[in-house]
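[1] I need the structure of the sequence given here:
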Amino acid sequence: MSILTQKTISKKISVEGIGIHSGLNVKLEILPSSPNSGIVFKRVDLKKNNIVIPNFKNVSDSTLYTAISNEHGVKVSTIEHLMAAFYGLSIDNAIVELDSQEVPALDGSAKNFVELIIEAGYRISDSPIKLIKVEKDVQVEEGSKFISINKSNVTMDIDFEIKYENSLIKTQRNKINILEDNLTDIFNSRTYSLYEDIKKLETLGLGKGGSLENAVIVKGNSILNDGGLRNEHEFVNHKILDCMGDLYLSGYKIIGSVLCSQGGHSLTNKLLNKLFSDKRNYSLIEIKGKNLPHSFAYTNYLKSIA
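    Take a look at the predicted model:
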């Protein structure tokens with residue numbers, strides 16, 4: 001498969017599920033799209049002004065999830081897991097149609113989206129991919145929390161740390177290379193909540209569609225879900241998944257190294273805003289060259305242009 005040219009899916013994908021925060025049933029379809037069109041969300045329940053672009057400038061809420069809105073106030077929320085699937089599977093262009101305001105949670109991870117995209121297959125174009133290359137280190141801090149993105153010649157990696165007083169979660173840290181690592185554990189890691197935080201979500205009018213079918217619930221030192229965790233680092237791996245999806249709101253894959261401690265949707269969005277606030281911080285690169293068979297060849301090619 002071509003690594004250096006833009007990709008979309010080869011056929012329509014259809015899925016239906018519940019929005020984890022709205023509690024509304026939603027039908028979602030992913031359609032193939034043309035080169036250089038990017039990812040586009042379309043609210044088919046609305047007759048006009050229904051296009052919403054997943055860009056960091058369009059983020060309207062990043063408190064507990066990532067929501068985007070257009071200039072008419074039309075909103076699409078909880079997009080991060082689907083965006084992470086697109087990022088990790090190198091989908092450059094797609095139209096996402098949905099008949100409600102929130103992307104369905106499915107099992108609370110990106111697993112189902114990934115499986116559906118792989119089943120649909122790729123449509124590969126002749127148009128070269130474009131990448132953002134970080135040229136200057138950028139960091140955002142909020143008290144003890146921080147996120148930074150630093151120059152990297154050839155790859156994109158995320159080094160993430162979480163810290164909880166909870167005796168089960170405690171402190172966890174993991175690092176992944178998006179281009180070279182097996183991302184199965186990242187894709188499969190579900191959203192989670194402490195049992196005592198569920199009432200707080202209800203007070204905010206959130207979590208209306210949440211259940212043990214789409215979230216890991218931690219009570220004391222126990223997992224309430226049958227079967228427990230899917231992998232040893234599921235908590236921090238889910239944060240990496242979220243970070244991947246939020247970073248794709250740059251509009252492109254990024255060549256750089258991310259380091260984050262106790263971050264989330266809001267901090268990642270602030271990082272992108274700071275990165276793109278100064279054109280000296282980054283460059284946009286169009287990759288041209290022979291098609292190469294795998295990500296290591298991709299990395300070697302990037303080394304040649306670094």
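[2] could you use CA atoms for every contact and neighbour count after this?
    Noted.
[3] so where is this structure shaky, pLDDT-wise?
    1-3, 289-306 (pLDDT under 70).
[4] go ahead and flag the most central residue of it.
    Gly245 (1.2 Å; Cα atoms, centre = their mean).
[5] count of neighbours near Tyr252?
    Counted by other Cα atoms under 10 Å, the residues lying close to Tyr252 total 20.
[6] cool, and Ile176?
    18.
[7] note down every partner strand of whatever helix or strand it lives in and its orientation.
    Taking DSSP states H and E as the definition, one finds Ile176 inside strand 171-177. Partners of strand 171-177 in the sheet, by DSSP bridges, are strand 156-163 (antiparallel).
[8] tell me which residues in the strand it pairs with are buried?
    156-162 (16 or more other Cα atoms under 10 Å).
[9] swap in stretch 211-229?
    So for stretch 211-229, counting by 16+ other Cα under 10 Å, buried means 214-218, 223-224.
[10] that older thread, any chance of the buried residues of strand 156-163 in JSON lines, plus distance to Val134?
    Converted to JSON lines, these look like this (distance: Cα to Cα, whole Å):
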{"residue": "Met156", "distance to Val134": "10"}
{"residue": "Asp157", "distance to Val134": "12"}
{"residue": "Ile158", "distance to Val134": "14"}
{"residue": "Asp159", "distance to Val134": "16"}
{"residue": "Phe160", "distance to Val134": "18"}
{"residue": "Glu161", "distance to Val134": "22"}
{"residue": "Ile162", "distance to Val134": "25"}
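[11] and the furthest pair within those?
    Met156 and Ile162 (19.9 Å; Cα to Cα).
[12] what about the strands in the stretch 101-250 of the chain?
    For the stretch 101-250 of the chain, the strands defined by DSSP state E, counting those that start in this stretch cover 122-128, 130-134, 138-142, 145-150, 156-163, 171-177, 192-194, 216-219, 222-223.
[13] make CSV from the ones you listed and add distance to Val236 to it.
    Shown next, in CSV, are the strands of the stretch 101-250 of the chain (distance: least, Cα to Cα, whole Å):
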stretch, distance to Val236
strand 122-128, 30
strand 130-134, 24
strand 138-142, 19
strand 145-150, 15
strand 156-163, 6
strand 171-177, 6
strand 192-194, 10
strand 216-219, 13
strand 222-223, 15
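[14] to Val76, which of the ones you listed lies closest?
    Closest among those, using Cα to Cα: strand 192-194, at 21.1 Å.
[15] partner strands of the closest one and their direction?
    Going by DSSP bridges, the partners of strand 192-194 are strand 216-219 (parallel).
[16] which helix is the longest one in this structure?
    helix 234-247 (DSSP state H).
[17] list of residues touching that helix?
    Helix 234-247 is contacted by residues 56, 66, 79-85, 87-88, 109-110, 158, 160-162, 169, 172-174, 185-187, 189-192, 254, 264-265, 268-269, 272 when judged by Cα atoms under 8 Å, 6 or more residues apart in numbering.
[18] buried residues, the strand or helix carrying Leu267. List them.
    Counting by DSSP H and E, the element that carries Leu267 is helix 265-275. Neighbour counts using 16+ other Cα under 10 Å place 265-272, 275 of helix 265-275 among the buried residues.
[19] done for today, thanks.
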